[in-house]
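Novice: this one's structure only:
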């Protein structure tokens, strides 16, 4: 049972569940934390839900760190895991995550929910705000009549301001609305409901600020010193095998101060 088989089964179920719901977006490989980390599938409607996939052929080596990062952004999270890893996976994720076990059936992958997800007790408002591009974040401030003096600020400062002046509920609502209506993803017009890809690193206005490792990659230290400490210990044992998964390449051509998405 391969990752792509589990993904296909989950996408088939989500497509059926939300086929008639025009207010829901199903997102594959959604980038968070400045695009340095991607969750396998996200569901955007009245909440921001994430689904991480671990097939029998995968390992759980990265799961504890992934769980820590995802738990700071998403309202609900579900781990879809192969039966081989089901018992061990419980030790790697918070109790409020949902767990669905994927097994190989006669006619395809069978998905068995063994634990339903609860609401995230402690998302990080700054990281939620960070999902917005600069122009989107300013638009939110303008709607609240709070944009005066902030239009020429760095995007990181704007995100911090948003997180401080809006309640988490209002911030989450604004972020979800922006993600659902965002156009020109990956240099194309708005895709179909189940094909949209979100990656905050595609926004050229995002300023990368972090520590450059010997391999030429960087992690944003402004996000969380605690997470950085955990990440650095983990990376010490895995670099250079870790590249596109957790880390982002420092490319000055992609850190321009332009405020609009790529053409």
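Specialist: Arrived safely. Fair warning: this is a prediction, and the values are worked out from it, not measured in the lab.

Novice: what's the neighbour count on residue 31?
Specialist: Residue 31 has 21 neighbours, counted by other CB atoms under 10 Å. In short, each C-beta sits where N, CA and C put it, glycine included.

Novice: Quickly note the distance from it to residue 40.
Specialist: With distances taken as CB to CB, to the nearest Å, residue 31 is found 12 Å from residue 40.

Novice: what's the answer for residue 54, then?
Specialist: Where residue 40 is concerned, residue 54 sits at a distance of 9 Å (CB to CB).

Novice: ok, these two, which is more surrounded?
Specialist: For residue 54 versus residue 40, neighbours defined as other CB under 10 Å are more numerous around residue 54 (25 against 21).

Novice: which residue sits closest to that one, ignoring its sequence neighbours?
Specialist: Spatial nearest neighbour of residue 54, chain neighbours left out: residue 81 (4.6 Å); criterion: CB to CB, 6 or more residues apart in numbering.

Novice: Pretty sure the one you found sits in a strand.
Specialist: Yes - counting by DSSP: H, G, I helix; E, B strand; the rest coil, residue 81 is found in a strand.

Novice: That one and residue 101 touch, don't they?
Specialist: Yes - the pair residue 81 / residue 101 is scored as a contact, 6.2 Å apart, by CB atoms under 8 Å.

Novice: more neighbours, these two?
Specialist: Neighbours per residue (other CB under 10 Å) separate residue 81 from residue 101, with residue 81 holding more: 28 against 20.

Novice: got a list of what that one touches?
Specialist: Under the criterion of CB atoms under 8 Å, 6 or more residues apart in numbering, the contact list for residue 81 reads 53-54, 89, 99-102.

Novice: And residue 71, by the same measure?
Specialist: With contacts defined as CB under 8 Å, 6+ apart, the neighbours of residue 71 are 77, 94, 97, 120, 122-123.

Novice: As JSON lines, the residues you listed with distance to residue 161 would be great.
Specialist: Formatted as JSON lines, these follow (distance: CB to CB, whole Å):
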{"residue": "77", "distance to residue 161": "27"}
{"residue": "94", "distance to residue 161": "29"}
{"residue": "97", "distance to residue 161": "31"}
{"residue": "120", "distance to residue 161": "23"}
{"residue": "122", "distance to residue 161": "21"}
{"residue": "123", "distance to residue 161": "18"}
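
Novice: Nearest to residue 65 among the residues you listed?
Specialist: In terms of CB to CB, no member of the contacts of residue 71 lies closer to residue 65 than residue 94, at 13.0 Å.

Novice: Which secondary structure state does the closest one sit in?
Specialist: Residue 94 ends up coil, using three-state DSSP.

Novice: And for the one 5 residues further on?
Specialist: Classification of residue 99 into helix, strand or coil gives strand, according to three-state DSSP.

Novice: what about the residue lying closest to it once chain neighbours are set aside, how many residues close to it?
Specialist: With CB to CB, 6+ apart as the criterion, residue 99 has its nearest non-adjacent residue at 4.2 Å, and that residue is residue 115. By the other CB under 10 Å criterion, the neighbourhood of residue 115 contains 16 residues.

Novice: Equivalent analysis for the one 4 residues further on, please.
Specialist: Taking other CB under 10 Å as the neighbour definition, residue 119 ends up with a count of 9.

Novice: Show me what counts as buried in whichever strand or helix holds residue 8.
Specialist: For residue 8, the enclosing helix or strand under DSSP states H and E is helix 3-18. Buried positions in helix 3-18, judged by neighbour count with 16 or more other CB atoms under 10 Å: 5-7, 9-11, 14, 18.
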